[in-house]
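Asks: here is my input; please provide its structure:
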Amino acid sequence: MFDRHATITTAIGDLTLVAADDALIGIYFPHHWVGAARASRGAEVAADNDPVLSVAAAQLREYLAGERSDFTIKTAAEGDEFQQRVWAILHEIPSGETTTYGAIAAQLGDKSLARMVGKAVGSNPLSIVVPCHRVVGADGKLTGYAGGLERKQHLLNLEGALPAQAEALF
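Replies: Predicted coordinates:
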């Protein structure tokens with residue numbers, strides 16, 4: 001497996017993109033909570049010169065400019081079976097909508113799994129592309145996000161999932 005990474009500048013700050021072979025396997029914010037060691041995985045390359053990373057960078061920039069709501073880049077997130085099940089549910093949350101940890105747990109057949117769902121959501125290595133920002137607390141409040149709550153709010157505002165609010169990001 002040929003792993004490499006590149007850091008790109010976006011409207012929400014720098015993002016480190018990690019690829020393995022022909023798939024994107026990670027998107028990391030500065031000071032990412034989980035998986036930060038993966039952000040330096042493999043050789044550092046120029047995103048524009050890599051077929052996977054250049055497509056990922058372009059799609060992320062289009063999304064952040066409001067020109068794209070879905071991603072078509074091939075991904076290969078590494079996680080255990082439970083995490084994979086949760087991440088698959090995240091993929092199904094439509095742009096502009098939110099759900100809760102408890103609702104995902106209920107989809108999995110057991111509402112008591114909400115904390116485990118939260119841990120799996122927090123371990124998502126493909127932030128934004130696998131839309132973990134669309135998961136909120138049971139009361140509708142914004143809760144944990146590896147990129148920080150300001151970025152989470154920005155992404156949800158961008159998608160129209162929250163009423164427009166004044167933001168002071170970066």
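Asks: E92 is in contact with Q107, correct?
Replies: No - here Q107 does not reach E92: they are 9.0 Å apart, not a contact under C-beta atoms under 8 Å. Quick note: C-beta positions are derived from backbone N, CA and C, even for glycine.
Asks: please name the nearest non-neighbouring residue to the residue most central in space within the chain.
Replies: Central residue of the chain (C-alpha atoms, centre = their mean): S127, 1.2 Å from the mean position. Sequence neighbours aside, I27 is the residue nearest to S127 in space, at 4.9 Å (criterion: C-beta to C-beta, 6 or more residues apart in numbering).
Asks: show me where this protein has strands.
Replies: Here the chain has its strands, by DSSP state E, at 3-10, 13-20, 23-28, 43-44, 99-100, 135-136.
Asks: low-confidence ranges, this structure, go.
Replies: Along the chain, the parts satisfying pLDDT under 70 run over 1, 32-40, 163-170.
Asks: so who does A57 touch?
Replies: By C-beta atoms under 8 Å, 6 or more residues apart in numbering, the residues touching A57 are A6, I8, L17, A47, D48.
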